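**Student:** would you be able to build a 3D model of this:
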Amino acid sequence: MWQWPQPRCYWSVGVKISAADGGGWRHLRCSSVSEATFDFDVIVIGAGYGGFDAAKHGADHGLRVAIVEARDMGGTCVNRGCVPSKALLAASGRVRELADAEHLAGFGIHAAPVRFERQKIADHANQLVATIRTNLTKTLERSGVQIMRGKGRLEGPQRVAVRESGSGIERIYSARHVILATGSDPFVPPGIVTDGRTVFTSDEAINLEWLPRWIAIVGSGYIGLEFADVYTALGCEVTMIEALDRVMPTFDPDIAKIAARHLIDGREIDARAGVLAKSITPGCPVRIELVEMASREPVETLEVDAVLVATGRVPTSKELNLAAVGVSTQRGFIAVDDAMRVLVNNEPGAAVVPNLWAVGDVTGKMMLAHTAAAQGTVAIDNILGHARQIDYRSIPAATFTHPEISSVGLSEADAKALAAKEGFELGSVRSYFKANSKALAELESDGLMKLLFNKASGEVLGAHIYGLHAADLIQEIANAIARRQSVVQLATEVHTHPTLSEVVEVAYKQAAMAVVA
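**Tutor:** Numbering: from 1, shown residues only. Purely as a prediction, here's the structure:
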């Protein structure tokens, strides 16, 4: 007589038995699982960069890994975020360069009026997305990761339910470890109604379906700034609405001041700070009711062609069934420690949930693709028994405007607080692009780097840059922070001449002179 194998699963399934073994159908339901019979070593829910890096890193180190994704492989970054937006910025940036007659005349170049095709710019972004998404999927397949297309949720400790896309069939799998990497979605404040056409978020803006004559952008963070860069380059009139008391509130104040002079004032963007978009109604035109942020007194009603809502992002965690493992969130964010282990809540001393990990935007730490990727590898290393903690201070951030903005480490306010707490004197130096030969050769000398350091030890604490290729320059300082290096040591390192990296070299040398001997 045919014998059932030892159960390796939690789901119920009907199995047809051959005539030799008695025939008919039998119903298999697995209610428990031993350590030796997990379906997978790791199941990752979410295939953005955090989930991708976790899955690949685990598979490359011999773990049996499955990854679950209900939408497009690659998550927000590949499909609706950093990848397509950089394609739009690259194309619109070329348009801006060719249309800048004054800048070109400085080189003795006289260009004809610039023409561009909106659809082909959009196609460039879409083609890039398709290529990266395909490459990412093939990479996981080559690594031996099992890709499950469907919506995943927790079904108790070490159990994941997957509702398959299309068929709707639900199966429950077991795993020694589960990694939550479900990312985030655009936040739309109360009072704002989106229709995806005249009032939309970055998810729709990335498609560049049309170019409004006049567009309002709500929010002046990196998303708002990058899209303002695209729209102004392609001939749109832009109004920027910021609820906080200054435009670019999340950036270093000195960097924001010089950047705004070029990126906002220099492009005739109508920037309004301290005002709240109380209500936005789609249509032709779109109606925006503005009130003062402090008093809520009416300011005016704008009528524009379109509105981009760029007011941040919220975690995608509601459908994970976190209650099944006793986890409560704070505004949807999943609390984790620096090893990426999930905590039951965000309270001090909260207990760790065994065998459960979370990475990426859903943790609310640094909502950046490369942060998610780093968290994913840290989680897997800890699963493998190699104790690691993530170092958020050394993770850089960049805004890909023209010119770019970047930062790493502590803000000046946080550095001052640390200096007061630990009893050292904070050092701060500035290095200017206008003294850099390469920047002058490019006729792009409008730029500044601010370096923060411990005057007693020389340790680099943070850096903030605005200028040509700032996104590339910041990595050198990020590496120094990761190694907790001193400016005294860094000042002796030779930089290629003439390059923009000498902006960093000058800052190191200035800082080294200020270190207390």
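
**Student:** distance from stretch 393-401 to the middle of the chain?
**Tutor:** Averaging C-alpha positions (Cα atoms, centre = their mean, to the nearest Å) puts stretch 393-401 10 Å from its chain's average.

**Student:** got a list of contacts for it?
**Tutor:** With contacts defined as Cβ atoms under 8 Å, 6 or more residues apart in numbering, stretch 393-401 is touched by 85-86, 89, 222, 225-226, 228-229, 259, 263, 366, 368, 370-371, 374, 404-410, 462, 470-471, 474-475, 477-479, 481-482. Just so you know, the C-beta spots here come from the backbone N, C-alpha and C atoms, and that holds for glycine as well.

**Student:** residue boundaries of the helices in the stretch 201-350 of the chain?
**Tutor:** Listed in chain order, the helices of the stretch 201-350 of the chain (DSSP state H, counting those that start in this stretch) span 202-205, 222-233, 253-263.

**Student:** pick the most buried one from those.
**Tutor:** Ranked by mean neighbour count, the helices of the stretch 201-350 of the chain are led by helix 222-233 with a mean of 24 (mean count of other Cβ atoms under 10 Å).

**Student:** other SSEs contacting it?
**Tutor:** With contacts taken as 3 or more Cβ pairs under 8 Å, 6 or more residues apart in numbering; DSSP states H and E, helix 222-233 sits against helix 82-99, helix 202-205, strand 214-218, strand 237-242, helix 253-263, strand 397-399.

**Student:** save the ones you listed as TSV, and put in mean pLDDT and distance to Val188 too.
**Tutor:** Shown next, in TSV, are those (pLDDT from 0 to 100; distance: least, Cβ to Cβ, whole Å):
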stretch	mean pLDDT	distance to Val188
helix 82-99	97	19
helix 202-205	97	11
strand 214-218	98	10
strand 237-242	98	14
helix 253-263	97	25
strand 397-399	98	22
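
**Student:** next, format the ones you listed as a markdown table and append distance to Thr301.
**Tutor:** Shown next, in a markdown table, are the helices and strands packed on helix 222-233 (distance: least, Cβ to Cβ, whole Å):
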| stretch | distance to Thr301 |
| --- | --- |
| helix 82-99 | 30 |
| helix 202-205 | 23 |
| strand 214-218 | 12 |
| strand 237-242 | 13 |
| helix 253-263 | 26 |
| strand 397-399 | 30 |
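
**Student:** what's the closest of these to Tyr466?
**Tutor:** helix 253-263 (4.6 Å; Cβ to Cβ).

**Student:** tally of neighbours for Ala181?
**Tutor:** 32 (other Cβ atoms under 10 Å).

**Student:** mind checking how far it is from Met340?
**Tutor:** 10 Å (Cβ to Cβ, to the nearest Å).

**Student:** overlap in contacts, these two.
**Tutor:** Overlap of the contact sets of Ala181 and Met340 (by Cβ under 8 Å, 6+ apart) consists of Ala358, Val359.

**Student:** show me the contacts for the closest residue to Ser184 other than its chain neighbours.
**Tutor:** Among residues not flanking Ser184 along the chain, Asp361 sits closest, at 3.7 Å (Cβ to Cβ, 6 or more residues apart in numbering). Counting by Cβ under 8 Å, 6+ apart, Asp361 touches Gly48, Gly50, Thr76, Gly183, Ser184, Arg313, Pro315, Thr316, Met367, Ala372.

**Student:** in the chain, where's the longest helix?
**Tutor:** In the chain, taking DSSP state H as the definition, the longest helix is helix 118-143.

**Student:** next, the buried residues of the helix or strand that it is followed by.
**Tutor:** Once the chain leaves helix 118-143, the next helix or strand it forms, by DSSP states H and E, is strand 146-154. Within strand 146-154, the residues that count as buried by 16 or more other Cβ atoms under 10 Å are Gln146, Met148, Arg149, Gly150, Lys151, Gly152, Arg153, Leu154.

**Student:** and these as a markdown table, adding distance to Ile269?
**Tutor:** Listed next are the buried residues of strand 146-154 as a markdown table, based on distance: Cβ to Cβ, whole Å:
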| residue | distance to Ile269 |
| --- | --- |
| Gln146 | 48 |
| Met148 | 45 |
| Arg149 | 42 |
| Gly150 | 43 |
| Lys151 | 40 |
| Gly152 | 42 |
| Arg153 | 43 |
| Leu154 | 45 |
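
**Student:** from the residues you listed, pick the one nearest Ile241.
**Tutor:** Of the buried residues of strand 146-154, the one sitting nearest to Ile241 (Cβ to Cβ) turns out to be Lys151, at 35.1 Å.

**Student:** the longest strand along the chain pairs with which strands?
**Tutor:** Longest strand in the chain by number of residues (criterion: DSSP state E): strand 170-180. Within its sheet, strand 170-180 is paired with strand 40-45 (parallel), strand 159-164 (antiparallel), strand 352-358 (parallel), according to DSSP bridges.

**Student:** buried residues, the second one. List them.
**Tutor:** For strand 159-164, the buried set under the neighbour-count rule, 16+ other Cβ under 10 Å, comprises Arg159, Val160, Ala161, Val162.

**Student:** contacts for stretch 419-439, please.
**Tutor:** So stretch 419-439 is contacted by 254, 412, 415-416, 418, 440, 444-457, 461, 467-468, 497-500, 502-504, 506-507, 510-511, 514-516 (Cβ under 8 Å, 6+ apart).

**Student:** show me where pLDDT drops low in the stretch 1-150 of the chain?
**Tutor:** 1-36 (pLDDT under 70).

**Student:** what about 50?
**Tutor:** Scanning the stretch 1-150 of the chain for pLDDT under 50 picks out 1-34.

**Student:** which one of the buried residues of strand 146-154 sits closest to Pro113?
**Tutor:** Arg149 (47.7 Å).

**Student:** wait, the closest one touches Arg71, no?
**Tutor:** No: taking contacts as Cβ atoms under 8 Å, Arg149 lies outside contact range of Arg71: 9.5 Å.

**Student:** so what sits against both of the two?
**Tutor:** Counting by Cβ under 8 Å, 6+ apart, nothing touches both Arg149 and Arg71.

**Student:** re the thing from before, quick one: closest of the helices of the stretch 201-350 of the chain to Arg96.
**Tutor:** helix 222-233 (4.1 Å).

**Student:** what's the mean pLDDT across that closest one?
**Tutor:** In this model, helix 222-233 carries a mean pLDDT of 98.

**Student:** which residues sit against that helix?
**Tutor:** 85, 88-89, 92-93, 95-96, 99, 202, 205, 208, 211-212, 215, 217-218, 238, 240, 248, 250, 263-264, 267, 269, 308, 310, 397, 399-402, 405.

**Student:** next one: stretch 55-68
**Tutor:** 39-47, 51-52, 139-140, 143-148, 150-152, 160, 162, 173, 175, 376-377, 380-381, 383-384.

**Student:** in that stretch, what counts as buried?
**Tutor:** Ala55, Lys56, His57, Gly58, Ala59, Leu63, Arg64, Val65, Ala66, Ile67, Val68.

**Student:** which members of these are positioned in strands?
**Tutor:** Short answer: the buried residues of stretch 55-68 in strands (DSSP E) are Val65, Ala66, Ile67, Val68.

**Student:** of all those residues, which two lie farthest apart?
**Tutor:** Top of the distance list for those (Cβ to Cβ): Val65 and Val68, 10.9 Å.

**Student:** got the contact list for the spatially most central residue of the chain?
**Tutor:** Centroid-nearest residue in the chain, with Cα atoms, centre = their mean: Leu368, separated by 2.4 Å. Contact partners of Leu368, counting by Cβ under 8 Å, 6+ apart, are Ile395, Ala397.
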